[in-house]
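Enquirer: sequence and predicted model, in that order:
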Amino acid sequence: MHWNSLADFLAMGSHGLYVWGSVAVMALLMLAEPTLLLQGRKRLIARLKRQYRAERSEARLKSQTNTGGSRD
Amino acid sequence: MSHRVINWFRYASPQTFYPLAGKLIPWFWALAAIFGVAGLTIGFLVAPTDAQQGEGYRIIFLHVPASWMSMFIYLVMAFWAAMGLAFNTRLSGMMASALAPTGALFAFLSLWTGALWGKPMWGTWWVWDARLTSELILLFLYIGFIALQAAIDDPRRADKAGAILALVGVVNIPIIYFSVKWWNTLHQGASVSLTKAPSMAALMLWGMLLCALACWMYSIAIALMRVRTIMLERERHTDWVRALLAEKE
């Protein structure tokens, strides 16, 4: 262990602002990227499911109204 | 399985690559976490103070991996773009699109951590020298690639246009890499090079390499996650995506 105290560690020899400023932004962005990806994926899956359901019910409606006509 | 030989080309189709990628993602996240914890522990808790730069040098454990990834991801992106142009495979364009945002992220982080390192060491956040300017151009290339693809509705045409931009931009990568040799710059020379022994203490080197490995694993995990979402979006009219989402109801 290189440090004598927590205060020492946080101060980073008077460069604390620069070191922790780098760490904070890198950590923030590298957590934000997967979080946003997962959210976007959930939204897409919900949208596609809605779309498929709508297409299915549309197809059903069509086949009901077409009952007298030819079935292919 | 009756077939002894694995047919690798099978994985070039989105339908077979999608579940494979899904299985690999947790493993890459686990490796990213292990390498990240190890690298940051060595870098921030164990490695000694730098003789010239004091404790501020510890930004190196973030800055160098981010910079390496920003350049390497670009090369991989350009590789997939070229494959897409040459063989017209669906997966290639999707891979290139999946890599661009993560490359842009690392290019930004390289500039950000570089600015926070430059201020205490050089006395300035930014200089228009070769290394910094070419890295900024790299960030713009990523943003340009993403914007160009977003502006074209037809994904296959978007892939082609993006691929040409990506391939033209490749010339920037050696410029970034060799800029500290070719021009007089404020930026220090390479800490690690392929031709000579690294000019840093072993512990510092190990911390940096482990952090770089963590960023590699992170990038692979993220790219696989993003490419899976792109696959669902682009292949939404196919039977396999319909069947897959029907299973999940």
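Expert: Arrived safely, thanks for sending.

Enquirer: C-alpha only now, for contacts and for neighbours.
Expert: Will do.

Enquirer: check which element follows the helix or strand where B:A98 lies along the chain.
Expert: Element membership for B:A98 (DSSP states H and E) is helix B:90-122. Later in the chain than helix B:90-122, the nearest helix or strand by DSSP H and E is helix B:130-151.

Enquirer: quick one: buried residues of the helix holding B:A98?
Expert: For helix B:90-122, the buried set under the neighbour-count rule, 16 or more other CA atoms under 10 Å in any protein chain shown, comprises B:90-118, B:120-121.

Enquirer: restrict the residues you listed to those near chain A?
Expert: By CA under 8 Å from any CA of the partner chain, the members of these lying near chain A are B:105, B:109, B:112-113, B:116-117, B:120.

Enquirer: pLDDT below threshold where in chain A?
Expert: Applying pLDDT under 70 to chain A flags residues A:66-72.

Enquirer: what parts of it come near chain B?
Expert: Counting by CA under 8 Å from any CA, chain A sits next to chain B at A:1-3, A:12-13, A:15-16, A:18-19, A:21-23, A:25-26, A:29, A:34, A:37, A:41, A:44-45, A:48-49, A:52.

Enquirer: one more time with 6 Å
Expert: A:1-2, A:12-13, A:15, A:18-19, A:22, A:41 (CA under 6 Å from any CA of the partner chain).

Enquirer: near chain A, anything from stretch B:216-224?
Expert: No - against chain A, stretch B:216-224 shows no contacts by CA under 6 Å from any CA, the least distance being 6.7 Å.

Enquirer: next one: that stretch to chain centre, how far?
Expert: Relative to the centre of its chain, stretch B:216-224 is centred 8 Å away, using CA atoms, centre = their mean, to the nearest Å.

Enquirer: which residues touch that stretch?
Expert: With CA atoms under 6 Å, 6 or more residues apart in numbering or on different chains as the contact definition, stretch B:216-224 has outside contacts at B:21, B:25, B:28, B:32, B:98-99.

Enquirer: now, the most widely separated pair of the residues you listed?
Expert: By the measure CA to CA, B:A32 and B:A98 form the most distant pair in the contacts of stretch B:216-224, at 18.4 Å.

Enquirer: helices of chain B, start to end?
Expert: Secondary structure of chain B (DSSP state H): helices located at B:14-41, B:60-87, B:90-122, B:130-151, B:155-169, B:172-182, B:202-234, B:239-247.
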